[in-house]
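**Q** I'd like to go over a predicted model; first the sequence, then the structure.
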Number of protein chains: 2
Amino acid sequence: MTIKEIAKLANVSLGTVDRVIHKRGKVSKKTEEKILAIIEKVNYQPNIYARGLVLNKSYTIVALVPSFIEGEYWEMPSKGIKMAEKNLSQFGVNLNILYFDQNSVPSFNEKVDELLKLKPDGVILAPVINFEAVKLTKKLESGKIPFSLIDSNIPNSKALSFIGQDAFQSGKLAAKLLCSEINSQGTISIISIKNNENHNKTLQQRIEGFKDYIYNSNFIANITLIENNIHLGTANWEENLMQACTPTNNTVGIFVPSSMIHHVAKCIEANFDTMSNIKLVGNDLIANNVKYLKKGVINYLIGQRPENQGYLALESFYKHLVLGKSVPQKKYLPLDIITQENLMYYNDDVV
Amino acid sequence: MTIKEIAKLANVSLGTVDRVIHKRGKVSKKTEEKILAIIEKVNYQPNIYARGLVLNKSYTIVALVPSFIEGEYWEMPSKGIKMAEKNLSQFGVNLNILYFDQNSVPSFNEKVDELLKLKPDGVILAPVINFEAVKLTKKLESGKIPFSLIDSNIPNSKALSFIGQDAFQSGKLAAKLLCSEINSQGTISIISIKNNENHNKTLQQRIEGFKDYIYNSNFIANITLIENNIHLGTANWEENLMQACTPTNNTVGIFVPSSMIHHVAKCIEANFDTMSNIKLVGNDLIANNVKYLKKGVINYLIGQRPENQGYLALESFYKHLVLGKSVPQKKYLPLDIITQENLMYYNDDVV
DNA sequence: TTGTAGGCGTTATCAG
DNA sequence: CTGATAACGCCTACAA
């Protein structure tokens, strides 16, 4: 059903129908009602090709995400965003990725300036440097530029959508898997490994979830928890890590609430004679982690579909700007449990 | 870059450029080469809106899948196909779902006739009744109607794409999970439950994968396997099932290689005083299974994203027919491990 | 308040 | 062999 046909049905011209459809006024109430009724009745759907052709709009979306070196976590969301661009560029969605250094506020602000100069129609933001990210969202809000958040949320922000994972639940899941592997008894070591200075809410929530599971289980009496913090790049981080890995009493399991578990796995592997029965659970399917999962040093990895997060973030703008559809305000991606046995089908998994 | 601009660059009219692009001949070699070079250089991409508008083609895709009652497995692929239609109908992809009775060859053939009468531009087929399905694919091939297979494959068929799961690997994964739960010792019962008469390759492959894992593990000596077959709807299937569930010797785990594990779970729950420590692993997130997973009667479910399978099947025709893109010939969806802890984010998971 | 005409980029047809 | 032109459905400016 076209506008022309509706016009004929209503005995008006197609200009009038168009004005009704777009609520541009200047139509008498009577004809408006008549046209609306017809539109309703025939369930008129605009032809998106014709609309796309005449509007021929193109949208600039800028993504502001942490820089990375090959194999690091942030490569994956970037990859997903780029894949989405490949599919969506033909619909007028143009992408511009800006990378900032997670450890440098000036670098972030520099990129923010660059971003604003591009006058984007939408922004994808990874709020890793939380405080600065919040400032940016305020600016975007006042500039009426819609933004989507990936990875972690900024509560109370007016984001078009948040796409990420439920970190607390991720921690609970990790605890469940580790407990099942260690038969629910012994000492578990939680090792937080970070490569930046920022307060990492995700890490914290995973740890809380992990503890929550154990505290509320009925074998809590059989389990001891130890916590360690390692800061990559500091003077003696490797020694500290080695110490954290070394079995105290009867360490039977290690949980690393980040993608950095491969550092622990490397440690364990180097001392496999004494440590081979320590079970490892961590997050994220980055190449280094996968390597140790395949070797059996890591027992479970929990995935959060980072490529998908990136893909969906750009797609949310496509839906919002191009199709004019509504998009879910919050999207938690599934927490995938990855083992040697199902690893192979989790690789090319971007929609 | 538009055809018009290319025409100007090449000092020809846009008609000529169009003939080159569509290889319709009647262009001198010299001008053709010149135009091709320009197209290459400027990386010309046709405007899909304009193309869609003028072609204004619509495609009829017919899906032929098993009928179901609410909550059964086949509801999920159907749901996925319908969701895809919702997104793709505006691009001219029209869907027609035909349901056949898995236990009735005549019903299948009746639907095949109906299908052929619709003169579809593409067919989505669930080859559950294998022999008849093969016959249909032959007809489609000779009629040059492309088809996609979902759920299980027909090797050597000329399908546009197959979208399903690796059933063998699914069985291996089930074994791994069950072994981890039962601490790798005791008697495991494999209970095949079917609701139709067809030879079910998927079931068979899952069982083979399951055995393969155990035979190749180093705790094979500690595990005993028992196999049972239950045929839903036969005279005394409930008694048989009850018998199969009853612990012999030291049954510690049960594997049901289909979506029918809720029948076993019901059994176990009814005798929870004596059977509460039997671990259950099965397939598919249907409502009945989820219920027992939440209760803790079922320990793990393995998902195969059936909605996604349906969605991707229809989308493969969109990509093929509308966008003219190539689609992967074979797509195995990930084998998701579902527990109480990650269940909640696996529900609205269709792309 | 309403109707009309031109144009978006592509395809396909028809006349040269 | 090549160029000109109508049409697809929608939007917008402008005329009535």
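**A** Cool, got the structure.
**Q** what ranges do the strands span in the stretch 101-250 of chain A?
**A** A:122-125, A:147-151, A:161-164, A:186-194, A:223-231 (DSSP state E, counting those that start in this stretch).
**Q** Surely residue A:34 and residue A:7 touch.
**A** No - using CB atoms under 8 Å, residue A:34 is not in contact with residue A:7; the gap is 11.2 Å. (C-beta placed from N, C-alpha, C; glycine too.)
**Q** Which of the strands of the stretch 101-250 of chain A sits closest to residue B:220?
**A** Nearest to residue B:220, of all these, is strand A:186-194, at 26.2 Å by CB to CB.
**Q** do the closest one and chain B meet?
**A** No - judged by CB under 8 Å from any CB of the partner chain, strand A:186-194 makes no contact with chain B; its nearest approach is 14.3 Å.
**Q** Against DNA strand D, how distant is the residue of chain A found nearest DNA strand C?
**A** The nearest approach of chain A to DNA strand C comes at residue A:15, 2.7 Å away (CB to the nearest atom of the strand). Separation of residue A:15 from DNA strand D (CB to the nearest atom of the strand, to the nearest Å): 4 Å.
**Q** after the helix or strand containing that residue comes which helix or strand?
**A** If you go by DSSP states H and E, residue A:15 is part of helix A:14-21. Using DSSP H and E, the next helix or strand after helix A:14-21 towards the C-terminus is helix A:29-42.
**Q** wait, isn't residue A:207 in contact with residue A:189?
**A** No - with contact defined as CB under 8 Å, residue A:207 does not count as touching residue A:189 (11.9 Å).
**Q** So for those two, which residues contact both of them?
**A** Residues touching both residue A:207 and residue A:189 (CB atoms under 8 Å, 6 or more residues apart in numbering or on different chains): residue A:227.
**Q** Please give me every residue in contact with the residue nearest to residue A:103 when sequence neighbours are not counted.
**A** Excluding the flanking residues, the one nearest residue A:103 by CB to CB, 6 or more residues apart in numbering or on different chains is residue A:196, at 5.0 Å. Each residue near residue A:196 by CB under 8 Å, 6+ apart is listed here: A:102, A:103, A:128.
**Q** Try it again at 10 Å.
**A** The neighbours of residue A:196, taking CB atoms under 10 Å, 6 or more residues apart in numbering or on different chains as the test, are A:66, A:101, A:102, A:103, A:104, A:128, A:129, A:231, A:232, A:233.
**Q** ok, so of the residues you listed, who is nearest residue B:40?
**A** Closest to residue B:40, out of all of the contacts of residue A:196 and judged by CB to CB, is residue A:66, at 36.4 Å.
**Q** returning to that earlier point: so what's the residue count around the residue of chain A closest to DNA strand C?
**A** Neighbours of residue A:15 under the rule other CB atoms under 10 Å in any protein chain shown: 13.
**Q** Would you agree it is in contact with residue A:31?
**A** No - Residue A:15 is beyond contact range of residue A:31, at 11.6 Å (criterion: CB atoms under 10 Å).
**Q** quick one: the helices in the stretch 51-200 of chain A?
**A** A:75-88, A:105-117, A:130-142, A:167-182 (DSSP state H, counting those that start in this stretch).
**Q** and chain A, which of its residues are near DNA strand D?
**A** Proximity of chain A to DNA strand D is confined to A:2-4, A:14-15, A:18-19, A:21-22, A:46-47, A:50-51, A:53-55 under the rule CB under 7 Å from any atom of the strand.
**Q** Quick check: the two most widely separated of those?
**A** Farthest apart among the residues of chain A next to DNA strand D by CB to CB are A:19 and A:53. That separation is 20.2 Å.
**Q** which element is the nearest residue to residue A:13 once chain neighbours are set aside on?
**A** Spatially, and ignoring its direct neighbours in sequence, residue A:13 is nearest to residue A:7 (5.7 Å; CB to CB, 6+ apart). Residue A:7 belongs to helix A:3-10 when assigned by DSSP H and E.
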